[in-house]
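# A predicted structure for the sequence below; I have some questions about it.
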2 protein chains.
Amino acid sequence: MASARNLMTAADLGRFDVRRFADIVELYLETGIKVNSRGYMGRQFSSVMPVTAVFEMVAAMAPQPASYYEAGQLANVADRLIEEVFGRFIGWAPGSFEMVTTSGASLANMTAALVARNRYLSGSWNGGLAAGRSTRPAIAIGQDAHFSVSRIAGIIGIGQNQVIRLPLNDRRQICPERAAATLDEAATQGLDIFCLIASAGTTAIGANDPLPDLAALAKRRGAWLHVDAAHNGAFLVSDRLRPRLAGLELADSFCLDAHKALFVPALCTLLFYREKGLAETAFPQKDSYVFDPFEDEMTAVQSGVKNFECTKRPAILNLWLAWSLYGPRAFADKLERLVMMTEAAHQYLADQPDFIVPYRPESNILCFVHQPLGVCGNRLSSLQLELRNRVRAAGRYLLSKVDMDGRTMLRMVLMNHRIGLSDIAGMVGEIRRHAREILASNATHGEQNRPFRFEPQE
Amino acid sequence: MASARNLMTAADLGRFDVRRFADIVELYLETGIKVNSRGYMGRQFSSVMPVTAVFEMVAAMAPQPASYYEAGQLANVADRLIEEVFGRFIGWAPGSFEMVTTSGASLANMTAALVARNRYLSGSWNGGLAAGRSTRPAIAIGQDAHFSVSRIAGIIGIGQNQVIRLPLNDRRQICPERAAATLDEAATQGLDIFCLIASAGTTAIGANDPLPDLAALAKRRGAWLHVDAAHNGAFLVSDRLRPRLAGLELADSFCLDAHKALFVPALCTLLFYREKGLAETAFPQKDSYVFDPFEDEMTAVQSGVKNFECTKRPAILNLWLAWSLYGPRAFADKLERLVMMTEAAHQYLADQPDFIVPYRPESNILCFVHQPLGVCGNRLSSLQLELRNRVRAAGRYLLSKVDMDGRTMLRMVLMNHRIGLSDIAGMVGEIRRHAREILASNATHGEQNRPFRFEPQE
């Protein structure tokens, strides 16, 4: 804060000071995550293909709002071309489905839920949800659903009390049999589940829900199936990884973040609808200056009526241009390498006597626990949190942590294809070193039986 | 479409082809709006301060999600510093208010409406809106409100039927006296207006609603006042223009787009709450991996609980760095020039016998009608649309159009500070030329008495 404040000019400057700009860039790079470092294993944020960063500069100097064909033709055309190639990967017939790009999966998930709500709760767009209904509308989601998914009911007027959390199996996927029972139970309590949201790549461990079973379940109950495939949806581009998304083609809608595992600058989310024509039912509304009443070949292409944003960045162009320059192989290669390296890390950690890896990775995310001899229960969870903080403070590695079923675990997400097994081994060594220090310090202070405290960082 | 398709590689390429990249950039620049041209008068999209475009490239190569202090410290710090300077402009006491940055005014407007809904309809976040209420919750907006504002009721479960459109005066501002009567009438029909949304800078003509009167009206009725100041909120930085926003300090919340009249890359919207602590009531929810249960000085700063996005670009840094490098004067100078030039354009057009300028501009937006002798009624509206299309097709100037009260008008938005009166005169000459051609062509085809048709472009 002090450094930043010093860099703000008090009096107005007469000319551009390149030194000050360099100081600002330096401060930015110094104080944020280092996604280009081999120690960066902490988050789903990725460094990008450099050419797309150059294009970002071009697009900032010559901005084109992508919601309007007139203003940004290429972005609207690129939407259609990317839609085509992904349609082939999914296996949907050309012309039968639809894709919209939007700014982030939070927005995509909410948009899909609105389409489901507007379809199943007829009149809710105009009438609202206060109109008397005999049953309470509800949304079913997995227990590990992303927070943007669990928020939706609160936002769109359904209410968080009407969110049914579906139980998971031992791989932390929604368990279809137990889910069916949970839905039955909810129905007896007057809940009408109009939308089921599954995950392909949960945030916590990257798990893929069993989509064919869930699609059948949703269909039997007359509910919409949306899949939040923000993270693992990118598997579509890889022949080797695509089978892990089996059943995605049965979903009514799904989204994937190109700014995660397709390595383009944020925010670039693709939202797919299995049935063409549904996209424009999310926000069924017309305004003259946005939506030309004289529809022609130009206005027919524009996406303004289908996405939430009015000003939308032409973010799809980053994906389209990287695709055009390098071909899909570049994405598939990088993604396959990350998934393979995560499997190797899983094997490596499983071979260590003092590490627990409860879940076999289905993606590039791996959760684990460091368990020195004699530490268990709450003290084990406190130790993981303390380890995460110390590793972060030391600055060489970055990990994240998750709390699941009351246990805290460390979490690595491999987004950098240059990370190798030696980096994993280095991280393990660093964790052990910090753990020894923590345990020694607590022993000295006679705190063996108390939870670990949040210690000041060195 | 054909050009773009040709640029997509069929087989994978072995190496980066700079020629292809150049062709892509060329196609992008050729087919979109030319915001750096002096003929660009069509939209609220702006070219940016070049140094921010360079920073966009840096931020794309080293991305930092701004919702998490750990991942992007400087963006979170910049939020606080920009909050401070704007607080002084607004006149709010330090520490008493709050600012959140988000991706676009559509999102900011919805977020503020959720805070209002969660406050006034207690239990709606958890209970939803289906719970029996004796009155129907409603939102009041101006007749010229932006489409993202008129959408909100449909999205958050209030329903579009519960949107009260407040009448305007002859300057297309909400008329407080008639608004009070409209609200009275709505109340007798069982509508409970919990939120009033005003505009500072309507999209159509840039009008500022009378905020002191509307603040008093909202207060009397116990409703939240939000101001969509996406466009004119930038006036805060200018001593000369700030008085036009009188009463903004009385709003419960308002937003402004830095990517409009503060000339930074999209999307960068500032959302202000008059009362500190309210921002986190928009999405009252906790998830462990996002929101650290052990709050410390680091997590206290992060914005994740307060904005819709999970992955949020560090867009605020563009505003903060331009501010740090050039000082507020750079923004104020450019903005004042644009507003002054719009007033000059108004005067110029008012002096032409064949142009009608119905509204004195309050911003950098000006609507007008070209009326050749003898053209009126529906034919006059059709002519404006045809003029807009021909001017666009000719490629030298870009205008937009709006439909108000059944009349179509041409609309100019001056975003480029290099536009001078000679450009306005050139545009007027071009319009006259196209009008003569259209009228001559229609006369030849004996169509004087029929509406103008959408003609193929030359």
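Looks like it came in fine.
# now the closest residue to chain B within chain A, nearest residue through space, not along the chain?
Distance from chain B to each residue of chain A (C-beta to the nearest C-beta) is smallest for A:Gly157, at 1.5 Å. Heads up, the C-betas are built off the backbone N, CA and C, glycines and all. Spatial nearest neighbour of A:Gly157, excluding adjacent residues (C-beta to C-beta, 6 or more residues apart in numbering or on different chains): B:Gly157 at 1.5 Å.
# Give me the three-state assignment for the one you found.
Three-state assignment for B:Gly157 (DSSP: H, G, I helix; E, B strand; the rest coil): coil.
# May I have the phi/psi pair for it?
Phi and psi for B:Gly157, reported as degrees, to the nearest 10, are phi 90, psi 0.
# show me the contacts for it.
A:Ser124, A:Gly128, A:Leu129, A:Ala130, A:Ile156, A:Gly157, A:Ile158, B:Ser124, B:Gly128, B:Leu129 (C-beta atoms under 8 Å, 6 or more residues apart in numbering or on different chains).
# go with 6 Å
By C-beta atoms under 6 Å, 6 or more residues apart in numbering or on different chains, the contact list for B:Gly157 reads A:Gly128, A:Leu129, A:Ile156, A:Gly157, B:Leu129.
# Low-confidence regions, chain A specifically.
Counting by pLDDT under 70, the low-confidence segments of chain A come to A:10-14, A:131-132, A:286-301, A:446-458.
# which parts of the stretch 301-450 of chain A sit against chain B?
Applying C-beta under 6 Å from any C-beta of the partner chain, one finds that the stretch 301-450 of chain A approaches chain B through A:Phe308, A:Glu309, A:Cys310, A:Thr311, A:Arg313, A:Leu321, A:Ser324, A:Leu325, A:Gly327, A:Arg329, A:Val402, A:Asp403.
# All the strands of chain A, residue numbers only.
A:98-102, A:136-142, A:163-166, A:191-199, A:224-228, A:253-257, A:269-273, A:355-356, A:365-370, A:400-404, A:407-413 (DSSP state E).
# same for the last one, what does it pack against?
With contacts taken as 3 or more C-beta pairs under 6 Å, 6 or more residues apart in numbering or on different chains; DSSP states H and E, strand A:407-413 sits against strand A:365-370, helix A:377-394, strand A:400-404.
# of those, which approaches A:Ala60 most closely?
Among those, the nearest to A:Ala60 by C-beta to C-beta is strand A:400-404 (30.0 Å).
# So A:Ala435 sits against A:Pro372, correct?
Yes: using C-beta atoms under 6 Å, A:Ala435 is in contact with A:Pro372, at 5.3 Å.
# Between those two, which is the more surrounded one?
Remark: of A:Ala435 and A:Pro372, A:Ala435 carries more neighbours, 20 against 15, as counted by other C-beta atoms under 10 Å in any protein chain shown.
# Which residues are in contact with that one?
A:His370, A:Pro372.
# Surely A:Ile24 is in contact with B:Ala322?
No: judged on C-beta under 6 Å, A:Ile24 makes no contact with B:Ala322 at a distance of 10.2 Å.
# Going through the residues of the stretch 301-450 of chain A next to chain B, which ones are buried?
When these are checked for burial by 16 or more other C-beta atoms under 10 Å in any protein chain shown, the buried set is A:Phe308, A:Glu309, A:Cys310, A:Thr311, A:Arg313, A:Leu321, A:Ser324, A:Leu325, A:Gly327, A:Val402, A:Asp403.
# and the fifth one, how far is that from B:Pro210?
With distances taken as C-beta to C-beta, to the nearest Å, A:Arg313 is found 34 Å from B:Pro210.
# One more: the third one?
Plainly put, A:Cys310 is 25 Å away from B:Pro210 if you go by C-beta to C-beta.
# Contact partners for the residue nearest to the spatial centre of chain A?
Chain A has A:Ala230 as the residue nearest its centroid, 4.2 Å off, counting by C-alpha atoms, centre = their mean. By C-beta under 6 Å, 6+ apart, the residues touching A:Ala230 are A:Ala105, A:Asp257.
# now do A:Arg151
B:Phe283, B:Gln285.
# count of neighbours near A:Leu387?
23.
# Likewise for A:Leu129?
Using other C-beta under 10 Å, A:Leu129 has 25 neighbouring residues.
# my read: it touches B:Leu129, true?
Yes: using C-beta under 6 Å, A:Leu129 is in contact with B:Leu129, at 4.0 Å.
# how close does the residue lying closest to A:Ile33 once chain neighbours are set aside get to B:Asp79?
Nearest in space to A:Ile33, with sequence neighbours left out and distances taken as C-beta to C-beta, 6+ apart, is B:Ala71 at 4.6 Å. Going from B:Ala71 to B:Asp79 by C-beta to C-beta gives 14 Å.
# same deal with A:Trp224?
Taking C-beta to C-beta as the measure, A:Trp224 falls 37 Å from B:Asp79.
# cool, A:Trp125 as well?
Going from A:Trp125 to B:Asp79 by C-beta to C-beta gives 34 Å.
# Skipping its backbone neighbours, what lies nearest A:Val305 in space?
The shortest distance from A:Val305 to any non-neighbouring residue, by C-beta to C-beta, 6+ apart, is to A:Glu280 (5.0 Å).
# In the stretch 251-400 of chain A, what residue spans correspond to helices?
Assigned by DSSP state H, counting those that start in this stretch, the stretch 251-400 of chain A shows helices spanning A:316-326, A:328-350, A:377-394.
# what angle sits between the shortest one and strand A:98-102?
Between helix A:316-326 and strand A:98-102, the angle comes out at 110 degrees (axes from the mean of the first three to the mean of the last three C-alpha atoms, to 10 degrees).
# which strands and helices sit next to helix A:316-326?
helix A:50-61, helix A:73-90.
# can you rerun that using 10 Å?
Applying 3 or more C-beta pairs under 10 Å, 6 or more residues apart in numbering or on different chains; DSSP states H and E, one finds that helix A:316-326 contacts helix A:50-61, helix A:73-90, strand A:98-102, strand A:269-273, helix A:328-350, helix B:2-7, helix B:18-31.
# can you check the last one too?
With contacts taken as 3+ C-beta pairs under 10 Å, 6+ apart, helix A:377-394 sits against strand A:365-370, strand A:400-404, strand A:407-413, helix A:421-444.
# Next, the angle from that helix to strand A:365-370.
110 degrees.
# buried set for helix A:377-394?
A:379-392.
# which of those sit farthest apart?
Among the buried residues of helix A:377-394, the pair separated by the greatest distance (C-beta to C-beta) is A:Arg379 and A:Arg392, at 20.3 Å.
# And A:Ser134, how close does it get to A:Gly190?
For A:Ser134, the distance to A:Gly190 - C-beta to C-beta - is 8 Å.
# whoops, I mixed them up, A:Ser400
Note on A:Ser400: its distance to A:Gly190, by C-beta to C-beta, is 39 Å.
# Which of those two has more residues huddled nearby?
When A:Ser400 and A:Gly190 are compared on other C-beta under 10 Å, the one with more neighbours turns out to be A:Ser400, at 23 against 11.
# Pretty sure A:Lys34 sits against A:Arg392.
No: A:Lys34 is not in contact with A:Arg392 according to C-beta atoms under 10 Å; the separation is 11.4 Å.
# which residues do these two both contact?
A:Gly42, A:Leu398 (C-beta atoms under 10 Å, 6 or more residues apart in numbering or on different chains).
# Pull the contacting residues for A:Arg80.
Counting by C-beta under 10 Å, 6+ apart, the residues that A:Arg80 touches are A:Met99, A:Val301, A:Ser303, A:Ile316, B:Met1, B:Ala4, B:Arg5.
# between those, which is nearest A:Ala425?
If you rank the contacts of A:Arg80 by distance to A:Ala425 using C-beta to C-beta, A:Ile316 comes first, at 39.2 Å.
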